[in-house]
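Enquirer: from the sequence below, what's the structure:
(2 chains)
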2 protein chains.
Amino acid sequence: MSTLALTGGRVLRPDLTVDRADVLVDQETGEIGAIGPDLGDDADTVLDATDALVTPGFVNGHCHVAMTLLRGYADDKPLDAWLSEDIWPAEAELTPEAIEAGAELGLLEMVRAGITGFADMYFEMDRVADAVDRAGVRARLGHGVISVGKDHEDAREDAETGLEFARAFDGAADGRVRTAFMPHSLTTVSEAIYEEFVPKARDAGVPIHLHANETNDEVTPIVEEHGVRPLEYARELGLLEPGDFLAHGVHVDETEISLLAETGAGVIHCPASNMKLASGMAPVQALLDAGVTVGLGTDGAASNNDLSLLDEARDAAMIGKLAADDAAAVAAADVVEMATAGSAEAIGLPAGRLETGAPADLAVIDLSGPHLTPHHDLVSHLAYAAAASDVRHTVCDGRVLMRDRDVRTLDADRVRERAAAEAAALVERAES
Amino acid sequence: MSTLALTGGRVLRPDLTVDRADVLVDQETGEIGAIGPDLGDDADTVLDATDALVTPGFVNGHCHVAMTLLRGYADDKPLDAWLSEDIWPAEAELTPEAIEAGAELGLLEMVRAGITGFADMYFEMDRVADAVDRAGVRARLGHGVISVGKDHEDAREDAETGLEFARAFDGAADGRVRTAFMPHSLTTVSEAIYEEFVPKARDAGVPIHLHANETNDEVTPIVEEHGVRPLEYARELGLLEPGDFLAHGVHVDETEISLLAETGAGVIHCPASNMKLASGMAPVQALLDAGVTVGLGTDGAASNNDLSLLDEARDAAMIGKLAADDAAAVAAADVVEMATAGSAEAIGLPAGRLETGAPADLAVIDLSGPHLTPHHDLVSHLAYAAAASDVRHTVCDGRVLMRDRDVRTLDADRVRERAAAEAAALVERAES
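Expert: Below you'll find the model as predicted:
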């Protein structure tokens, strides 16, 4: 049995208390074997956690990881114009190689940020799955199915691609890759596609992930056409089963919040994207009060513009208070929970809590920076003051992905160079 | 003549364009001698700016730097309860030594974040001025004058302390320290104090800085008592002269925005603090459209919880779009301008633009991180993706304050240890 010990640090427990403890990992099973004093003596590998906090690996509940290639390509525009004028024309020029390069860049960034799991909706997802396999994290992946601008047969073919990917890749990368059927949204996928493919996804045994209630412009046409709120319409389409999860949920009313609580479907809150695209403020405290499972997502790097759950946790606390008009709302512990166990539960990955027998997906946060001094409250520091650059080590499934800020599974220089070259070539194609 | 060259990088020009250039600094005058190609050959000191962007040093327009000791001490509470239940009782136990330790910690953090100038309102300000002198940055400092809870004679004495500090320390630290008269706010300082001391501050030739229009709870009583909006009341008190600047300006109406534009008084926007305390969303785009000078401030670390203008710039763009309900509002270039030239102009420090003859106050931002790849738009990266940890070197007044992330003017380990000890002792006193 090969073992890994994280020694000398403090540990964030599932109840979000912190105490001094070592963590011992069984690298064969990829699970946490023990948490307690003096566990480092006989371990095969030891990671130093002195002056640091061992936390669950962060889980990014909604991403389009290959979009790192478009980071900073077009900013400061409303969602519709941004998509139609900038993002979609650029995406039309994306090659499988570019998507793989972008995914590797995003994965490199996420491993450095202590992220050990994420959900991703994009296309050429076999390339993303390959990158996930190499990077060593967990993922819930799906092909983004879209009908707009396509005739029904083309739309069916796209949905078949999504279903086929979900079937073929579920359990890939030694089980670290799970899949979902991912229709883009309620307004960009036709009712006929939902009617045919939701049952097929259920038969395939994969959950469904979609964007929902992101902007008012998306809510209004559904209410006008169907006479019900979007999530009621979603329910009529057979969505919102347990295991399903939606991104955004900005414009949800009380009925829809109750529906989410009743069905057990999860919500991935994407505060940075919602602010940057002026989509609005999700009622996160109301969602939490209703008992909805809420996770955090970065969305793509083009609307964020980074992939850090620590940034997202801070943003969630900040905007959550504004939305509730209450500084006590969406507190530090809430956003730390959302960034770890909340996201993991919402997207259905076995992670988010440090306890014996749980998967060894964890991050070690260096507490020695002046910006993390003094140490009145380490949960507050995670929520409000820690940054991706404070992550010292990242471990997933018992494997060391980053040690002393050196990512071991990806070659950082090569990944950066390749992504920069692909991004430059992409812009040249898109603008020519 | 001793010279410093920053070589191999790109330079952010005053019009926010970026081009490849070296920067040559005359260390005798502390000014930029030249910006152009190949300036490193004969320099006495060379700082490597390869794969990096040379920017103006960031200017933190509103801070209470010693409050780093209370970082994470009390979070997730509304302004009034947070002040009365947590912050004021703790502040009552602050010793001059604790304030100096907190100031050093905050200065260490700010130098690491590329901040070369700031405005600060607190007490025991001679200790803060000493720390500023050692750290090597510029500052606009003032004693926070307060009347509530005091009889008129005690309030007068406090105001005299503020005036005396402003007179005595203006021009300290070889001219890097400037001062202001700093009444805490319109509701916490009596009209009698304003009537007596505003003319005295004018005689002393120092500007006036105060908190204003931060929360609705602060606006309402002024409207009720005086029948005018707070900034009209401020004008009646003789405030809002050119050079004066106010912090927050969250709840300002159109009349007040016009008043700010007409008088030339500056506004320091503190987006993180305004979100964390649920104070509200300042109408930043409207302020910019009216031609008001707008800078950015972190406020104290207890309501932020860090001291990074890069975080603040991102926050300002994010909340500015929500406030305007427009993703095009408060764009990347706007927040970069606010974090540099905007703040410098508002608080009256000679900084914020890289050009020949300007003070050599600058930061060098490493662009090699995966989160800053690719390089479509470096101004976007400054606004949305760069972090304090990306700052490689910091220079102020021609002097190297940080080189390769090693702060030269302060002993980081000693500063952290001293601050942690003072913070622990402070909490023990406050809670005993």
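Enquirer: now the helices for the stretch 51-200 of chain A?
Expert: Using DSSP state H, counting those that start in this stretch, the helices of the stretch 51-200 of chain A run over A:79-81, A:88-91, A:96-112, A:125-135, A:152-169, A:191-204.
Enquirer: just put those in a markdown table and tack on distance to A:Lys276.
Expert: Where you see a C-beta, it was placed from the backbone N, CA and C, and this is true even at glycine. What follows is those, written out as a markdown table (distance: least, Cβ to Cβ, whole Å):
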| stretch | distance to A:Lys276 |
| --- | --- |
| helix A:79-81 | 10 |
| helix A:88-91 | 17 |
| helix A:96-112 | 17 |
| helix A:125-135 | 23 |
| helix A:152-169 | 27 |
| helix A:191-204 | 29 |
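Enquirer: just put the ones you listed in TSV and tack on mean neighbour count and mean pLDDT.
Expert: Formatted as TSV, the helices of the stretch 51-200 of chain A follow (neighbours: other Cβ atoms under 10 Å in any protein chain shown; pLDDT from 0 to 100):
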stretch	mean neighbour count	mean pLDDT
helix A:79-81	15	84
helix A:88-91	17	93
helix A:96-112	27	98
helix A:125-135	23	98
helix A:152-169	18	98
helix A:191-204	17	98
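Enquirer: closest one to chain B among those?
Expert: Chain B lies closest to helix A:96-112 among the helices of the stretch 51-200 of chain A, at 4.3 Å (Cβ to the nearest Cβ).
Enquirer: do the closest one and chain B meet?
Expert: Yes - against chain B, helix A:96-112 shows contacts by Cβ under 8 Å from any Cβ of the partner chain at A:Leu105, A:Leu108, A:Glu109, A:Arg112.
Enquirer: what sits against A:Thr394?
Expert: A:57, A:111-112, A:114-116, A:362-364, A:400-402, A:407 (Cβ atoms under 8 Å, 6 or more residues apart in numbering or on different chains).
Enquirer: ok, of the residues of helix A:96-112 next to chain B, which one's closest to A:Glu214?
Expert: A:Glu109 (23.4 Å; Cβ to Cβ).
Enquirer: hmm, B:Pro370 and the closest one touching each other?
Expert: Yes - using Cβ atoms under 8 Å, A:Glu109 is in contact with B:Pro370, at 4.3 Å.
Enquirer: between the two, which contacts overlap?
Expert: Common neighbours of A:Glu109 and B:Pro370 (Cβ under 8 Å, 6+ apart) are A:Thr68.
Enquirer: let me have the residues of helix A:96-112 next to chain B in a markdown table, extended by distance to B:Val379.
Expert: Formatted as a markdown table, the residues of helix A:96-112 next to chain B follow (distance: Cβ to Cβ, whole Å):
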| residue | distance to B:Val379 |
| --- | --- |
| A:Leu105 | 20 |
| A:Leu108 | 24 |
| A:Glu109 | 20 |
| A:Arg112 | 23 |
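Enquirer: so A:Tyr233 touches A:Ser185, yeah?
Expert: No - using Cβ under 8 Å, A:Tyr233 is not in contact with A:Ser185, being 11.4 Å away.
Enquirer: shared neighbours, those two?
Expert: Shared contacts of A:Tyr233 and A:Ser185, defined by Cβ under 8 Å, 6+ apart, are absent.
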